[in-house]
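Student: Just a sequence and a predicted model for now, questions to come.
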Amino acid sequence: MAQFWKPGTEKPRLVDDEEGGVLFFSASASSSSSSRFGYASIEKQRQRLPVYKYRTAILYLVENHATTIIVGETGSGKTTQIPQYLKEAGWAEGGRVIACTQPRRLAVQAVSARVAEEMGVTLGEEVGYTIRFEDLTNSGTTMIKFLTDGVLLREMMDDPLLTKYSVVMVDEAHERSISTDILLGLLKKIQRRRPDLRLIISSATIEAKSMSAFFQTSKRRRALEGEELGPRMDPAILSVEGRGFHVQIHFVEEPVQDYVQAAVSTVLLIHDQEPMGDILVFLTGQDDIDAAIHLLNEEAQTNRKHSSGLILLPLYSGLPRAEQELVFSPTPRGKRKVVISTNIAETSLTLEGIVYLVDSGFSKQKFYNPISDIENLVVAPISKASARQRAGRAGRVRPGKCYRLYTEEYFSKEMSAEGIPEMQRSNLVSCVIQLKALGIDNILGFDWPASPSPEAMIRALEILYSLGILDDDAKLTSPAGFQVAEIPLEPMISKMILSSNELGCSEEILTIAAVLSVQSIWVYGRGVHRELDEAKLRFAAAEGDHVTFLNVYKGFLQSGKSSQWCHKNHVNYHAMKKVVEIREQLRRIAQRLGIVVKSCERDMQVVRKAVTAGFFANACRLEAFSHSGMYKTVRGSHEVYIHPSSVLFRVNPKWVVYHSLVSTDRQYMRNVISIDPSWLIEAAPHFYQHHGQNSFGK
DNA sequence: GAGCACTGC
């Protein structure tokens, strides 16, 4: 056991040649372990950040290149400093604005607050931010604006050339979210019309080359532009080192059979043999995490000396807020904290004090099959980029150790360098409608950083056509198409809202739309399934989950939005507050679109019709003679089941539509409502035209 | 009979 590990090293930093006119600054390899001193002035602190050494170089490159790619490791200070350098160099003069996008709302808020503090200004004035539902900027005074990439996309609908921005910095571009990829594609287009616009793409090492290739304009274009004044069109690449400490990498010598068991053994091994310091374990989901904690607890009972002093903390998004926050509490003296986490700890939140890292090499990832139109969540191997990111989590406070539960040979020979961009793993309905709203007609010919499959594109176009959002020429219909594009929700939900106007149930449908937009309004946790089921029964509606949501919402309002009421009923208080907030936003949007907000009172049939009008593509029929509750999708005859969390579980109405599928050993429909099949033909004659009368018989 | 993570006027 003691010789389980074979030390290895991380792949060295990519230091590349200068082919194709790409300028490359290599960072010095110094292990920057300079410590921060307590009372240094903000200015001194800023100068100590690794990125400070590159201030002049960055400003030079931005001045002279249309696109600059910054390869920066965590802790380099690039996100907070570069926008300030740009402002100091005059890029915000004359009413122009410097934009910096982030993939996450929380990051936008945190970073903008930090920058405002460093500049000694009030947040919302010179430095501001915009996220969905929150605009803390002041047009006229805001010079540096942080925003989510999705918000910047929305801004393009009003101002396609982003004329008020002088520089757009796309941060964390290596995460390759759908909105980042759309944004990169559009920014490249804008550059041709606006030579004055500068782009900064911040990316992890491993992605820098493909980013550079993407922004490289063709030789012919460059020859044409060569004579003109203006920035060079070829991208520059600059590498900035981070502030992380060295992390020693260990691989297993033989492949492991069971990564949960291996993770547990490794935690015990570290606890046995290594000095104090907290451990972070990456597993794939709640199941794995609960199993690992169970095994470690068992160990604690049978072999006390092995595991005494371990504090076991699960971490995943579905965990109630209070339990999530335990991972941030300081470790008591003489104890060792073991955080067992999903990918949430890889990007979304940062744990301080982690010294040991156990990497299973797997995560749950979404995949999309355009033929069946089904998105699956499956356990899949992570990429080298992810492995590297995970390892880095162990070196934030002092040198750390990373234990990888896969072999070095597997890492170097089989693990893919980078993950598959989300664009190539998703249903593209939302993406297509956004591009259409931005006036991009030739979607199949769009210049993407990573092209989605034509099948997925065609499937999205087909569904949008059936929803009446696109016409025969694949243009947005008026008014429905333009209205759906305005609503910041999944197009199927937006369509449901539009239909509710005609059906006279918009009050109810707005509530349902808001509930479907939050993760879950229920509190679920280990060992409380039965209590949750009982609580649900108090609200359960025979029609299905959507109508059940209406009952919960009504109860919540009647309780005076009480957190105690939520606790008593296993309802997630934070989720319900968000529902109220989103619903209010949707109500305003609906009114702006001319929707009359009206209640259908007790008539749930119209509510079900409105849901069907949006979700007809997800219609399923119970298999006759099936006692196992097996359904088949009307479109593709795929085998699906009602999720056990649904109020219709075991009720099994003959016809249902679902909101989403989750797949484990089976495909489970989540959020299900019973319908009458005749509504399907009413809602989408084209979609179901090839089905004869018989297939809809009762 | 049971849920990776984000996000949008």
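Tutor: Thanks, I have the structure now. This one's a predicted model, so the numbers in the text were calculated from it and none came from an experiment.
Student: Do I have it right that residue A:125 meets residue A:142?
Tutor: Yes: counting by CB atoms under 8 Å, residue A:125 does reach residue A:142; the two are 6.9 Å apart. The way it works is simple: take the backbone N, C-alpha and C, and place the C-beta from them, glycine included.
Student: Between those two, which has more neighbouring residues?
Tutor: For residue A:125 versus residue A:142, the count of surrounding residues by other CB atoms under 10 Å is larger for residue A:142: 20 against 16.
Student: C-terminal to the lowest-mean-pLDDT helix or strand in chain A, what's the next element?
Tutor: Lowest on mean pLDDT, DSSP states H and E among the helices and strands of chain A sits strand A:24-25, with a mean of 39. The helix or strand immediately downstream of strand A:24-25 is helix A:42-48, counting by DSSP states H and E.
Student: Relative to the whole chain's centre, how far out is that next one?
Tutor: Centre-to-centre, helix A:42-48 and its host chain are 32 Å apart (CA atoms, centre = their mean, to the nearest Å).
Student: For that helix, buried residues please.
Tutor: A:46, A:48 (16 or more other CB atoms under 10 Å).
Student: count of residues packed around residue A:164?
Tutor: Neighbour tally, residue A:164, other CB under 10 Å: 14.
Student: same deal with residue A:254?
Tutor: Neighbours of residue A:254 (other CB under 10 Å): 7.
Student: roughly how far apart are the nearest residue to it once chain neighbours are set aside and residue A:387?
Tutor: Leaving aside its chain neighbours, residue A:254 sits nearest to residue A:407 (7.0 Å; criterion: CB to CB, 6 or more residues apart in numbering). Per CB to CB, to the nearest Å, residue A:407 is found 13 Å from residue A:387.
Student: When those two are compared, which one has more neighbours?
Tutor: Neighbours per residue (other CB under 10 Å) separate residue A:407 from residue A:387, with residue A:387 holding more: 22 against 19.
Student: Which residue comes closest to the more buried one once chain neighbours are left out?
Tutor: Nearest one to residue A:387, counting by CB to CB, 6+ apart, is residue A:359 at 6.2 Å.
Student: now swap in residue A:635 and tell me
Tutor: residue A:617 (6.6 Å).
Student: Confirm for me that the one you found is in contact with residue A:464.
Tutor: No: counting by CB under 8 Å, residue A:617 sits too far from residue A:464 to count as a contact (10.5 Å).
Student: Which of those two has more residues huddled nearby?
Tutor: A count of neighbours by other CB under 10 Å puts residue A:464 above the other of residue A:617 and residue A:464, at 26 against 22.
Student: Can you name the residues bridging to the nearest residue to the more buried one once chain neighbours are set aside?
Tutor: In this structure, residue A:464 finds its nearest non-sequential neighbour in residue A:470, 4.4 Å apart by CB to CB, 6+ apart. Under DSSP bridges, the beta-bridge partners of residue A:470 are residue A:476.
Student: Residues touching stretch A:384-393, excluding its own?
Tutor: Residues from elsewhere that reach stretch A:384-393, judged by CB atoms under 8 Å, 6 or more residues apart in numbering: A:10-11, A:73-74, A:174, A:204, A:206-207, A:242, A:244, A:247, A:249, A:280, A:282, A:345-347, A:350-351, A:354, A:357, A:359, A:361, A:363, A:382, A:402, A:404, A:411, A:415-419.
Student: Now for the closest residue in space to residue A:321 that isn't next to it in sequence, how many residues are close by?
Tutor: Among residues not flanking residue A:321 along the chain, residue A:574 sits closest, at 6.0 Å (CB to CB, 6+ apart). For residue A:574, the neighbour count with other CB under 10 Å is 14.
Student: Is it correct that residue A:574 is in contact with residue A:322?
Tutor: No: taking contacts as CB under 8 Å, residue A:574 lies outside contact range of residue A:322: 10.2 Å.
Student: Could you list the buried residues of the top helix by length along chain A?
Tutor: Longest helix of chain A, by residue count under DSSP state H: helix A:573-592. By neighbour count on 16+ other CB under 10 Å, the buried set for helix A:573-592 is A:573, A:575-576, A:578-579, A:582-583, A:585-587, A:589-590.
Student: could you dump the residues you listed to CSV with distance to residue A:68 and pLDDT?
Tutor: Below are the buried residues of helix A:573-592 laid out as CSV (distance: CB to CB, whole Å; pLDDT from 0 to 100):
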residue, distance to residue A:68, pLDDT
A:573, 45, 89
A:575, 41, 89
A:576, 45, 92
A:578, 38, 88
A:579, 42, 92
A:582, 37, 89
A:583, 42, 92
A:585, 36, 88
A:586, 39, 91
A:587, 43, 92
A:589, 37, 90
A:590, 42, 92
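Student: from the residues you listed, which is closest to DNA strand B?
Tutor: Checking the buried residues of helix A:573-592 against DNA strand B by CB to the nearest atom of the strand gives residue A:585 as the nearest, at 4.4 Å.
Student: For the closest one, list the residues it contacts.
Tutor: Residue A:585 touches residue A:133, counting by CB under 8 Å, 6+ apart.
Student: separation between it and residue A:487?
Tutor: 10 Å.
Student: residues from the stretch 101-250 of chain A in reach of DNA strand B?
Tutor: A:103-106, A:130-133, A:148, A:150-151, A:153-155, A:157, A:177, A:179 (CB under 7 Å from any atom of the strand).
Student: Just to be sure, which of those residues are found in helices?
Tutor: Using DSSP H, these in helices are A:105-106, A:150-151, A:153-155, A:157, A:179.
Student: Once you drop chain neighbours, what's closest to the residue of the stretch 151-300 of chain A found nearest DNA strand B?
Tutor: Closest residue of the stretch 151-300 of chain A to DNA strand B, CB to the nearest atom of the strand: residue A:154 (2.6 Å). Excluding the flanking residues, the one nearest residue A:154 by CB to CB, 6+ apart is residue A:488, at 7.3 Å.
Student: ok now do the one you found, which residues does it touch?
Tutor: Contacts of residue A:488 (CB under 8 Å, 6+ apart): A:132, A:154, A:589.
Student: now with 10 Å?
Tutor: A:132-133, A:150-151, A:154, A:430, A:494, A:517, A:582, A:585-586, A:589 (CB atoms under 10 Å, 6 or more residues apart in numbering).
Student: Let me have those in JSON lines, adding distance to residue A:97 as columns.
Tutor: Putting those into JSON lines (distance: CB to CB, whole Å) gives the following:
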{"residue": "A:132", "distance to residue A:97": "19"}
{"residue": "A:133", "distance to residue A:97": "21"}
{"residue": "A:150", "distance to residue A:97": "18"}
{"residue": "A:151", "distance to residue A:97": "13"}
{"residue": "A:154", "distance to residue A:97": "16"}
{"residue": "A:430", "distance to residue A:97": "27"}
{"residue": "A:494", "distance to residue A:97": "30"}
{"residue": "A:517", "distance to residue A:97": "29"}
{"residue": "A:582", "distance to residue A:97": "28"}
{"residue": "A:585", "distance to residue A:97": "24"}
{"residue": "A:586", "distance to residue A:97": "29"}
{"residue": "A:589", "distance to residue A:97": "25"}
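Student: if I read this right, the residue nearest to residue A:635 contacts residue A:633, doesn't it?
Tutor: Yes: when contacts are counted by CB atoms under 10 Å, residue A:617 is listed as touching residue A:633 (8.9 Å).
Student: quick revisit: number of nearby residues for the residue nearest to residue A:464?
Tutor: Quick note: residue A:470 (other CB under 10 Å) scores 23 neighbours.
Student: Many thanks, we can stop here.
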